[in-house]
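In: I'll drop the sequence and a predicted model, then ask my questions.
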Amino acid sequence: MKPFKIVRAKSITDINKVFDAAPRSSYLLAGGIDLMDEIKEGLITPDFLVDIMNMKELKVVRDEQDGLRVGALSTLESLESNSLIATRYPALAQSVASVGTPQIRNVATIGGNLCQRPRCWYYRNKFFDCLKKGGKTCFAVDGQSKYHAVFGGQRCYIVHPSDPAIALISYRAQVDILSVDGIRRQPLTELYVGPGEDILRETRLRSGDTIKTIIVPPIVPGQRSVFLKATERRTQDFALVSVALVITVDHGFITDARLTLGGVAPTPYMVSHVEDEMRGSRIMDLDYTKMGKLAAQGASPLKHNSYKIGLVSSLVETAIRDLAYS
Ligand SMILES: Cc1cc2nc3c(=O)[nH]c(=O)nc-3n(C[C@H](O)[C@H](O)[C@H](O)COP(=O)(O)OP(=O)(O)OC[C@H]3O[C@@H](n4cnc5c(N)ncnc54)[C@H](O)[C@@H]3O)c2cc1C
Ligand code: SF4
């Protein structure tokens, strides 16, 4: 392993100094769960790691008028055990609780989780020089594609790996990003970029950009939410398919719906045609099976992942049914 230096940052100015000097070989370091894997796997060879764990402003979790503010350095464990999140944002609590193991959740931060790199086994193996690493081939197309995308793969069939991102997007979360130009707020959905637009990366973050806070809008009367995840193993496993559904019900009618899927596309997959069908319907009269099938419409599986189509349908059906009877 090539030696690298760790620089401890206390402010965005400290971060910028390092990234200005070495923009291509500097990386932000939070809990280090994914970043250290990338280094050990030989996927990146940094000169500098900028340790941001001492930046106090990134650790604040506060309930404010415009929503819940979650500092990017909050550990997943701290969110899992937060009683306000458990009662108001159950899908978020369920998603963080589903990540890895207690040991991982004790160290992993929410900011790092949202920015983790894909799990594609060809990407993770330094001997496969695939399109995402600047090579000429996507090995998943003719190779082993069990865990790959069934929607939206354009030349690269990675699936978005973060469970909390799926829940946060269904809550219409936004992120505050610190950069050399100050601070900017944007919807979390806009953080992510698909391979059709940029095959080499998964977020639009520029060199040195640092997620400061995630803002989750306040809950509204009648809001119900759920996160469900299908995995191959019982614990310590990424989603084969995950579903986050947030709805608002008024006098038995669905007035708002937001459905996001994970594990099926290179970016979090928002199923707007199902949301449209749900809005205005009486929740007890909805055909849950039909909604599940509708969610899987347009899927285009590779050789080994057509099983995901059935999983999408059954998870979406279960999610709607759960919320109808909750
Ligand atoms: C065995 C195992 C099982 C797992 N299972 C799951 C799972 O089921 N579901 C799931 O969602 N995840 C899972 N993960 C992934 C894990 O949750 C992430 O690797 C972890 O959350 C990353 O957080 P971190 O703080 O360690 O980030 P780091 O590893 O420090 O950083 C990850 C990336 O984010 C960047 N970064 C970190 N903080 C910021 C910030 N504030 N702003 C901008 N960029 C930043 C870093 O530069 C780096 O590129 C699993 C990981 C392992 C090893
Ligand atoms: S799916 Fe993407 S990351 Fe995986 S082998 Fe193909 S190009 Fe590489």
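Out: That came in fine, so what should we check first? Ligands and ions are numbered 1, 2, ... in the order given.
In: Quick check: residues of this structure near ligand 2?
Out: Within the chain, the positions adjacent to ligand 2 are 118, 120, 122-123, 130-132, 138-140, 148, 156-158 by C-beta under 6 Å from any ligand atom. For every residue, glycine as well, the C-beta is placed using N, CA and C.
In: could those go into TSV alongside distance to Pro195 and neighbour count?
Out: Listed next are the residues of the chain next to ligand 2 as TSV, based on distance: C-beta to C-beta, whole Å; neighbours: other C-beta atoms under 10 Å:
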residue	distance to Pro195	neighbour count
Pro118	10	21
Cys120	11	24
Tyr122	14	25
Tyr123	11	21
Cys130	11	21
Leu131	8	20
Lys132	8	22
Cys138	9	25
Phe139	14	19
Ala140	12	27
His148	12	30
Cys156	4	24
Tyr157	8	28
Ile158	7	26
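In: And the residues you listed, which is closest to ligand 1?
Out: Taking C-beta to the nearest ligand atom as the measure, ligand 1 sits nearest to Pro118 out of these, at 10.9 Å.
In: which non-adjacent residue is nearest that closest one?
Out: Using C-beta to C-beta, 6 or more residues apart in numbering and skipping the chain neighbours, the partner closest in space to Pro118 is Ile158 (3.8 Å).
In: all helices of the stretch 101-250 of the chain, in order?
Out: With helices called from DSSP state H, counting those that start in this stretch, the stretch 101-250 of the chain shows them at 102-107, 110-114, 121-124, 139-142, 163-170.
In: burial count for Thr203?
Out: Residue neighbour count, defined by other C-beta atoms under 10 Å, stands at 16 for Thr203.
In: separation between it and Pro268?
Out: According to C-beta to C-beta, to the nearest Å, Thr203 and Pro268 sit 12 Å apart.
In: what's the overlap in contacts for those two?
Out: Tyr192 (C-beta atoms under 8 Å, 6 or more residues apart in numbering).
In: Find the closest residue to ligand 1 in the stretch 101-250 of the chain.
Out: Going by C-beta to the nearest ligand atom, ligand 1 is nearest to Gly112 of the stretch 101-250 of the chain, at 2.0 Å.
In: doesn't Asp34 make contact with that residue?
Out: Yes: using C-beta atoms under 8 Å, Gly112 is in contact with Asp34, at 6.3 Å.
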